[in-house]
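Participant: after the sequence you'll find the predicted model.
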Amino acid sequence: MCRFEQLLANPDETAALGRRLGKLLSPGMVIALTGPLGAGKTTLTQAIAQGLGVDPHMVGSPTFALVHEYPGRVPVYHFDAYRLPSLQAFMDLGSDEYFQGTGVCLIEWADRVAAALPADHLCIKLAHESDGRRITIEAVGKRSQEVLRMLCTQN
Ligand SMILES: Nc1ncnc2c1ncn2[C@@H]1O[C@H](COP(=O)(O)OP(=O)(O)OP(=O)(O)O)[C@@H](O)[C@H]1O
Ligand SMILES: [Mg+2]
């Protein structure tokens, strides 16, 4: 199974990779984003959404709304688990219905709701480096592995 790892030197590189990834995604896929404060989760989310045909200006930080929905070539559901009090609160948002729906789900702070993630998803980790951010992408399940394989072979 392939694993994608890259140093992103600046926000533009984060955005370029996000747009590339967004173009490879299809309805029903789930992306779990993890990484500390300021690691670039929202920057990447905006770009993935753009790759899915969403107007990037619509994409903010859903910290207070908990989930935002954006229309695109494929609808995008953007979750932020940072302020969720519990796993149950995430499930009460209707996470399973979103996962089974026809949109792409992007979840910031996904490590806080790991137990509620579907069997097939992409795991994206962002980390601070002195010269930018390090991104690591792994796939769980067949569909996500196929997308990751396409991303790796584009390089
Ligand atoms: N590859 C990069 N190199 C340097 N800075 C970056 C890179 N990618 C994004 N940034 C910058 O890091 C800052 C934080 O980004 P962003 O808001 O996307 O992080 P976040 O992980 O969503 O943070 P939070 O956890 O606070 O919501 C922004 O100023 C963004 O432009
Ligand atoms: Mg954010």
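Facilitator: Great, that's in hand. Numbers count the residues shown, from 1 in each chain. Ligands and ions are numbered 1, 2, ... in the order given.
Participant: run a quick neighbour tally on the closest residue to residue 101 other than its chain neighbours.
Facilitator: Leaving out its chain neighbours, the residue that sits closest to residue 101 by C-beta to C-beta, 6 or more residues apart in numbering is residue 28, at 7.2 Å. (C-beta placed from N, C-alpha, C; glycine too.) Number of residues near residue 28 (other C-beta atoms under 10 Å) recorded here: 17.
Participant: look up how far ligand 1 lies from the residue sitting furthest away from the middle of the chain.
Facilitator: Within the chain, the residue lying farthest from the chain centre (C-alpha atoms, centre = their mean) is residue 130, at 23.3 Å. Going from residue 130 to ligand 1 by C-beta to the nearest ligand atom, to the nearest Å gives 10 Å.
Participant: residues in contact with that residue?
Facilitator: Contacts for residue 130 (C-beta atoms under 8 Å, 6 or more residues apart in numbering) come out as none.
Participant: pLDDT score for it?
Facilitator: Residue 130 carries a pLDDT score of 95 in this model.
Participant: ramachandran angles for it?
Facilitator: The phi and psi values for residue 130, taken as degrees, to the nearest 10, are phi -60, psi -30.
Participant: one more: residue 109?
Facilitator: phi 60, psi 40.
Participant: ok, and the closest non-adjacent residue to it?
Facilitator: residue 81 (4.1 Å).
Participant: with residue 95 instead?
Facilitator: Nearest one to residue 95, counting by C-beta to C-beta, 6+ apart, is residue 116 at 5.5 Å.
Participant: mind checking which helix or strand of the protein has the lowest mean pLDDT?
Facilitator: strand 67-70 (a mean of 91; mean pLDDT, DSSP states H and E).
Participant: and that one, is it in reach of ligand 1?
Facilitator: No: Strand 67-70 is not in contact with ligand 1 by C-beta under 6 Å from any ligand atom; minimum separation 13.3 Å.
Participant: then stretch 28-37?
Facilitator: Yes: judged by C-beta under 6 Å from any ligand atom, stretch 28-37 comes into contact with ligand 1 at 35, 37.
Participant: next, the buried residues of that stretch.
Facilitator: Using 16 or more other C-beta atoms under 10 Å as the test for burial, stretch 28-37 gives 28-35.
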